[in-house]
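In: sequence first, predicted model second:
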Amino acid sequence: GRGFPKVWTGGMHYSDKWNEDKHHLGANYRYAKQNIESIDNTFTQVILPEDQQFTNQRQDEFKTGQRHKVDALYEWKIDSLTTLRFNASGNYSNSQNRSDFRMQNLDSDGDTLLTNDRLVTNDATTKRVISSLSLMKKFNKKRRTLIGTLSERYEESESLGFLKSTNRFTANGTETTDQRKDNANNGLVLDGGLTYTEPITKAMAVSLEYKLSVNNSSSERNTYNKQNSNADVYDKLDSTFSNNYAYNIVTNRGGTNLSWDYKKLDFSAGVAVANTNFTQHDRRADTLFSYGVVNLFPKAMIKYELSKQSSIRLNYYGNTRQPTIQQIQPVQDNTNPNNIAEGNANLTQEFRNSFSINGNDYKVLTGRWIYVWGSFNLVDNAITRSETIDSSGKRTYQYINVDGNYNGYFGGGIGKRITGTDMSVG
């Protein structure tokens, strides 16, 4: 992080076991307060198709915040084959932030395109509750298991802030912004699942799983201007920067996996099918948009042990990434008037095919070790940030879907223990 923090913390802890350790209860409470003062200077170069621009910015910031957090754990060993586990935590936090910005955009010759003075203040409160419940049942038959899980995450936040900004354009005069911003966000995620594993032979097992996921979120952003610039009342709603939006995702997923573990070879392969339904509700415009997607999720893994200290492992899996409500909500965010975010209600999920390799070798007598690792990813409909920059250096960006994306990396290392010492090089 940035700046010079001052931190005050305190807390309590409780833990107990009883009835021959079949029951375990633990709980914690923690309070924290933090003040941070920072000065941040950044210099940015932007290379455009036929030109380049530079941005020089200084930010003076003061943050203060307080947080209360409680968490608890209860575990019950019902019998030698069955365990019930419950976790829960609650969090309340409040933070105040004041940031003073001084920014200058320059062209390739070093001439000023615009200067910006900006003051942003914000007072935010967040409440969060997270809990999970799991039941694991083993059977007398080795490797036969039944696992059930339930979890929830609820979060709500409210904030009140003010934006005061002045842009001075070399070519086009002055642009002034004086606004109040009221934001409220809510999110609820519920997940439940069952996984059953049945051994077929001593080396082979098959598992079946079902999962249900519900993800509901809403975001209300209200920006107000002054009808009378000489008054201290913000009473005129600015529709360009205001919106009330709800975004709901429901996923039903079922799958199977086959695993084989015999001597030096481990192998597993599986597939899952998921039906995901999306609902986007623009409450202010009173429009509703729903659609569904069916996804296929294959996966495979193979591991071979060359020796007790040497192995190689290959992995493949497919997964999706859903857009967030911040990315799709059709409203502009001008918290930084020279870097405006714009939501894209037409944004859809991306699908990623991921391949990876890991290998290692270790010689006990000499202390020599070698490891290698790598990954390659192919992404369809990748969620990517698209930016537009005008002649003065002002940016507008939004997230879009792009096909044909791929990325990869590879690395490794080698080392050896220095004989007669506890040191190694590598």
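Out: Yes, it's here.
In: which residue ranges form the helices in the stretch 251-400 of the chain?
Out: For the stretch 251-400 of the chain, the helices defined by DSSP state H, counting those that start in this stretch cover 325-328.
In: how close does Thr112 get to Phe169?
Out: Taking CB to CB, to the nearest Å as the measure, Thr112 falls 9 Å from Phe169. (C-beta placed from N, C-alpha, C; glycine too.)
In: compare those two (neighbour count), which wins?
Out: Phe169 (18 against 15; other CB atoms under 10 Å).
In: read off the pLDDT value for the more buried one.
Out: Confidence at Phe169, expressed as pLDDT, is 95.
In: so what's it closest to, chain neighbours aside?
Out: Nearest-residue entry for Phe169: Leu114, 4.9 Å, with adjacent residues in sequence omitted and distances by CB to CB, 6 or more residues apart in numbering.
In: which SSE is that neighbour in?
Out: strand 112-138 (DSSP states H and E).
In: correct me if wrong: Val273 contacts Thr256.
Out: No - in this structure Val273 lies outside contact range of Thr256 using CB atoms under 8 Å: 9.8 Å.
In: just give me the neighbour total for Leu208.
Out: The number of residues near Leu208, taken as other CB under 10 Å, comes to 14.
In: report the contact partners of it.
Out: Contacts for Leu208 (CB atoms under 8 Å, 6 or more residues apart in numbering) come out as 195-196, 254-256.
In: make CSV from those and add distance to Lys141 and neighbour count to it.
Out: Formatted as CSV, the contacts of Leu208 follow (distance: CB to CB, whole Å; neighbours: other CB atoms under 10 Å):
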residue, distance to Lys141, neighbour count
Thr195, 16, 17
Tyr196, 12, 15
Gly254, 24, 15
Gly255, 22, 19
Thr256, 19, 13
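In: these into JSON lines, with extra columns for distance to Arg221 and pLDDT?
Out: Shown next, in JSON lines, are the contacts of Leu208 (distance: CB to CB, whole Å; pLDDT from 0 to 100):
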{"residue": "Thr195", "distance to Arg221": "40", "pLDDT": "98"}
{"residue": "Tyr196", "distance to Arg221": "45", "pLDDT": "98"}
{"residue": "Gly254", "distance to Arg221": "38", "pLDDT": "98"}
{"residue": "Gly255", "distance to Arg221": "38", "pLDDT": "98"}
{"residue": "Thr256", "distance to Arg221": "44", "pLDDT": "98"}
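In: ok, now which ones touch the closest residue to Asp21 other than its chain neighbours?
Out: Nearest non-adjacent residue to Asp21, counting by CB to CB, 6+ apart: Lys77, 7.4 Å away. With contacts defined as CB under 8 Å, 6+ apart, the neighbours of Lys77 are 21-23, 83.
In: from those residues, which ones fall inside strands?
Out: Residues of those located in strands (DSSP state E): 23, 83.
In: using PyMOL, define a selection of the buried residues within the contacts of Lys77.
Out: Here is the PyMOL selection string for the buried members of the contacts of Lys77, based on 16 or more other CB atoms under 10 Å:
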select buried, resi 83
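In: and the contacts of Lys77, which is closest to His281?
Out: Lowest distance from His281 to those (CB to CB) belongs to Thr83, with 41.2 Å.
In: if I look at the closest one, how far off is Glu175?
Out: Separation of Thr83 from Glu175 (CB to CB): 63 Å.
In: pLDDT weak spots in the chain?
Out: For the chain, the stretches with pLDDT under 70 are 1.
In: show me the residue at the heart of it, geometrically.
Out: By CA atoms, centre = their mean, the chain has its centre lying nearest to Thr324, at 9.6 Å.
In: look up phi and psi at it.
Out: Note on Thr324: its backbone torsions stand at phi -90, psi 160 [degrees, to the nearest 10].
In: quickly list what the residue nearest to Val294 when sequence neighbours are not counted is bridged to.
Out: Nearest non-adjacent residue to Val294, counting by CB to CB, 6+ apart: Asn275, 5.4 Å away. For Asn275, the beta-bridge partners are Asn252, Val294 (DSSP bridges).
In: what's near enough to touch Asn275?
Out: 251-253, 292-294.
In: swap in Ser311?
Out: Going by CB under 8 Å, 6+ apart, Ser311 touches 303-305, 359-360.
In: how about Arg417?
Out: Here Arg417 is in contact with 366-368, 423-424 (criterion: CB under 8 Å, 6+ apart).
In: of these, closest to Tyr234?
Out: Ser424 (63.8 Å).
In: for Thr174, see how far away the closest one is.
Out: From Ser424 across to Thr174, the span is 63 Å (CB to CB).
In: higher neighbour count, the two?
Out: Counting neighbours by other CB under 10 Å for Ser424 and for Thr174 shows that Ser424 has the greater number, 12 against 9.
In: now for that one: which residues touch it?
Out: 367, 415-418.
In: looking at these, which are in strands?
Out: When DSSP E is applied, those are split such that 415-417 fall in strands.
In: could I get the residues you listed as TSV with distance to Arg144?
Out: TSV is the format used below for the ones in strands among the contacts of Ser424 (distance: CB to CB, whole Å):
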residue	distance to Arg144
Gly415	43
Lys416	45
Arg417	44
